[in-house]
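In: Make a model of this:
(one chain, ligands or ions: 1)
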Amino acid sequence: MSNETDVIVIGAGFAGLYAVHRAASAGLSVTALEAAPDVGGTWYWNRYPGARCDVESVDYSYSFDDALQGSWTWSERFAAQPEILAYLGHVADRFELRRHYRFGVDVVAAAFTQADGRWQVRTATGETFTAQFLLCATGCLSALNRPNIPGVDDFAGEVYFTAAWPREDPELRGKRVGLIGTGSSGIQVAPILAGQAEQLVVFQRSANYTIPMPNRPWSPTEQVQIQEEYPERRRASAYASAGTPHGTYHKNAVDADPQERLDALWKRWREGGVLFAKTFPDQSSNLAANDIAREFAEERIRDIVTDPVVAADLIPDDHPIGTKRICTDAGYYATFNRDNVRLVNLRREPIEAITADAVRTTEASYPCDVLVFATGFDAMTGALNRIDPTGPRGERLHDIWADGPVTFLGLMVPGLPNLFTISGPGAPSVLANMVLHAEVQVDWVMDLVLTARRRGVREIEPRRDAAQSWTAAVATAAAKTLFPKAASSWYLGANIEGKKRVFMPYTGGFGTYRRHCDDVAREDYAGLVLTTR
Ligand code: NAP
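Out: Got it, this is the predicted structure:
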């Protein structure tokens with residue numbers, strides 16, 4: 001494998017694999033670099049028990065190739081991590097993608113040299129690779145957040161992170177487990193830890209809303225039907241607001257009568273999963289509408305949790321429902337009815353320190369043999385900032401984004417020519433079906449790269465005003481919603497100490513975003529400067 005190619009792709013998740021496939025199919029030479037030992041991206045690392053996608057399996061899969069689509073049968077409505085990882089392995093085999101990859105390679109730096117119009121990336125071992133185009137498919141939830149709790153390194157027992165779970169599940173029988181973090185990962189892993197461990201203590205700093213995931217196997221008849229209906233399903237998703245065929249109730253919550261609202265909410269609750277956050281069209285933008293859905297969800301928590309004090313602690317008090325990523329679970333609330341499970345509300349009794357064998361709060365010391373951290377990620381910008389690409393005029397990403405991410409369509413950064421960020425800030429990404437989103441972005445980038453090569457273009461860079469205008473559009477879209485009201489949300493960077501609070505994803509909808517991308521391409525890449533030198 002040469003160290004000089006046309007394109008470098010960093011990452012082997014859904015976006016990276018598709019980028020490698022598109023580039024190689026177009027006849028470009030590709031170097032693909034991945035820190036993990038194999039393909040999978042987020043689904044390689046997040047192999048904690050209970051990890052499952054909150055988007056239905058039939059939607060959370062590639063749409064670009066009918067034969068690929070026909071070659072895979074999802075066994076369940078919501079696929080578990082092992083099945084998604086197996087699917088990505090199947091895709092890599094089918095398109096022979098692994099031959100482009102160097103696995104176990106940590107990219108630590110990237111710099112663009114104007115003299116030769118190429119990016120040079122450097123790995124942790126000092127190896128370098130160069131290419132004209134650099135595609136960062138580094139994931140928006142991949143830079144692990146290690147909490148800076150006093151004494152964390154003094155703990156003498158076993159320590160696990162949900163986002164870097166060992167390949168062999170640890171033996172937890174007879175052990176006292178402490179779980180820190182109650183976002184999607186903590187909420188998914190808790191019921192399983194409770195079933196395995198002698199005792200589970202859940203340390204909750206902020207409560208989150210979670211909707212039951214009524215998962216079930218697809219029947220053989222449904223599996224046939226899914227294949228038959230795929231073309232229509234994909235058509236319905238292509239420009240939909242979240243990249244799935246599902247919409248909202250046909251009326252705003254505030255315009256529906258009470259019984260009608262209740263019926264709509266029960267329907268969504270029973271269907272389960274993240275769609276509850278979009279039951280009504282006005283739910284994410286009108287607080288009165290949001291309150292209707294929020295109060296319904298809170299009533300369900302009180303229904304399930306037998307101890308009213310615990311139920312009250314599990315009800316969030318700091319954000320409208322859905323403005324922090326809504327979670328999906330398999331028995332989370334009922335877990336707190338078990339005798340071997342205890343909830344510690346860190347708002348009431350903050351952690352003072354972790355000691356060799358316990359988590360000590362202001363009120364008590366909780367002995368633990370095992371600590372599980374489900375403490376999230378430096379989301380959206382973390383993985384890119386850790387590489388901190390430097391442009392031809394010495395501008396570094398870290399500085400360009402010091403006041404929040406500035407992007408053109410969430411895909412390019414002024415000052416960093418020929419660099420593309422996939423699933424990064426400034427795009428709907430985490431608010432949409434990430435797989436179709438990755439396809440849209442990669443297709444747009446590859447069409448641009450091929451156009452540039454046909455025209456002998458050496459550098460492509462967004463105009464600063466164009467990037468500022470897109471970044472302003474991202475902010476304006478967010479301001480029309482309730483999302484910025486969630487003070488501790490990772491969407492805002494609020495979970496990371498010292499990170500600038502800026503709402504990062506584009507809330508205007510997947511379909512609207514895609515139309516913007518289409519328009520820019522149709523207008524011969526208006527907003528970009530293509531330099532032939
Ligand atoms: P997360 O949502 O950021 O949750 C991290 C949790 O750790 C929060 O409860 C946070 O509390 C807590 N925490 C962080 N530092 C702490 C500290 N020093 N002391 C005490 N608690 C601390 O991370 P996540 O659960 O890994 O989920 C991230 C995203 O990944 C999700 O929102 C979702 O988009 C995706 N995901 C999806 C699925 C799925 O498809 N089903 C599953 C897992 C993850 P605060 O809220 O107070 O900061």
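
In: For the rest of this, base every contact and every neighbour count on C-alpha atoms.
Out: OK.

In: and A67, helix, strand or coil?
Out: At A67, secondary structure determined by DSSP: H, G, I helix; E, B strand; the rest coil is helix.

In: Just give me the neighbour total for it.
Out: 9 (other Cα atoms under 10 Å).

In: And F78, by the same measure?
Out: Neighbours of F78 (other Cα under 10 Å): 25.

In: Equivalent analysis for L411, please.
Out: For L411, using other Cα under 10 Å, the count is 25.

In: That one and L384: what is the separation?
Out: Remark: distance between L411 and L384 (Cα to Cα, to the nearest Å) = 12 Å.

In: quick one: buried residues of the top strand by length along the chain?
Out: Determined from DSSP state E, the single longest strand within the chain is strand 128-136. Residues of strand 128-136 classed as buried: 129-136 (neighbour count, 16 or more other Cα atoms under 10 Å).

In: now swap in stretch 202-220 and tell me
Out: 202-215, 218.

In: Likewise for stretch 58-76?
Out: 58-63, 73-76.

In: What residues does the stretch 401-533 of the chain have near the ligand?
Out: 488, 490, 495 (Cα under 6 Å from any ligand atom).

In: confidence score at R47?
Out: Here the pLDDT value assigned to R47 is 97.

In: How about the one 10 residues further on?
Out: For S57, the model assigns a pLDDT of 97.

In: and if you look at the one 4 residues further on?
Out: Reading off the per-residue confidence, S61 sits at a pLDDT of 98.

In: what do you get for N385?
Out: Predicted confidence (pLDDT) for N385: 96.

In: so what's it closest to, chain neighbours aside?
Out: Spatial nearest neighbour of N385, chain neighbours left out: H398 (5.8 Å); criterion: Cα to Cα, 6 or more residues apart in numbering.

In: Based on its surroundings, how many neighbours for the one you found?
Out: Count around H398 with other Cα under 10 Å applied: 19.

In: just checking, what's the longest helix in the chain?
Out: helix 434-454 (DSSP state H).

In: Mind listing what's buried along it?
Out: 434-450, 452.

In: re the thing from before, nearest to the ligand, of the buried residues of strand 128-136?
Out: Closest approach between the buried residues of strand 128-136 and the ligand, by Cα to the nearest ligand atom: C136, at 18.8 Å.

In: looking at it, L346 is touching R205, isn't it?
Out: Yes. Between L346 and R205 a contact is recorded at 4.8 Å, counting by Cα atoms under 8 Å.

In: At the contact with the ligand, which residues of this protein appear?
Out: Counting by Cα under 6 Å from any ligand atom, the chain comes close to the ligand at 51-54, 147-149, 180-186, 205-206, 325, 328, 374-377, 488, 490, 495.

In: Separate out the buried members of those residues.
Out: Here, 16+ other Cα under 10 Å leaves 51-54, 147, 180-186, 205-206, 325, 328, 374-377, 488, 490, 495 buried among the residues of the chain next to the ligand.

In: Just those residues: which are in helices?
Out: Secondary structure from DSSP H places 184-186 of those in helices.

In: will you turn those residues into TSV that also has distance to P170 and pLDDT?
Out: TSV is the format used below for those (distance: Cα to Cα, whole Å; pLDDT from 0 to 100):
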residue	distance to P170	pLDDT
S184	21	98
S185	17	98
G186	16	98
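
In: Over to I301: give its phi and psi.
Out: phi -60, psi -40 (degrees, to the nearest 10).

In: That one: neighbour count?
Out: For I301, using other Cα under 10 Å, the count is 23.

In: Against R173, how distant is it?
Out: I301 sits at a distance of 28 Å from R173 (criterion: Cα to Cα).

In: do the same with I496
Out: 33 Å.

In: Can you pick out the residue with more neighbours from those two?
Out: Using other Cα under 10 Å as the criterion, I496 and R173 rank with I496 on top: 20 against 13.

In: wouldn't that one be in contact with M380 here?
Out: No. I496 lies out of contact with M380 (Cα under 8 Å); the separation is 11.7 Å.

In: Can you pull the residues that touch both of the two?
Out: Both I496 and M380 lack any common contact, where contact means Cα atoms under 8 Å, 6 or more residues apart in numbering.

In: Now G331: closest residue in space that isn't a chain neighbour?
Out: P191 (6.3 Å).

In: what sits up against the helix or strand that contains that neighbour?
Out: Using DSSP states H and E, the element containing P191 is helix 184-196. The contact list for helix 184-196, computed with Cα under 8 Å, 6+ apart, reads 48-52, 162, 172-173, 177, 179-180, 200, 202, 210, 325-332, 335, 340-341, 373-376.

In: Please work out the angle formed by the directions of the helix or strand harbouring T512 and helix 434-454.
Out: For T512, the element it lies in under DSSP H and E is helix 510-522. For helix 510-522 against helix 434-454, the angle by axes from the mean of the first three to the mean of the last three Cα atoms, to 10 degrees is 0 degrees.

In: what's the helix or strand that comes right after helix 510-522 in contact with?
Out: Per DSSP H and E, the first helix or strand lying C-terminal to helix 510-522 is strand 528-531. Contacts with strand 528-531, where a contact means Cα under 8 Å, 6+ apart, come from 452, 457-463, 466.

In: 7 Å instead?
Out: 457-463 (Cα atoms under 7 Å, 6 or more residues apart in numbering).

In: any idea how far V406 lies from V474?
Out: According to Cα to Cα, V406 and V474 sit 10 Å apart.

In: same question but for A24, I mixed them up
Out: Using Cα to Cα, A24 is found at 32 Å from V474.

In: quick one: which of these two has more around it?
Out: Applying other Cα under 10 Å to A24 and V474 shows that V474 carries more neighbours, namely 25 against 18.
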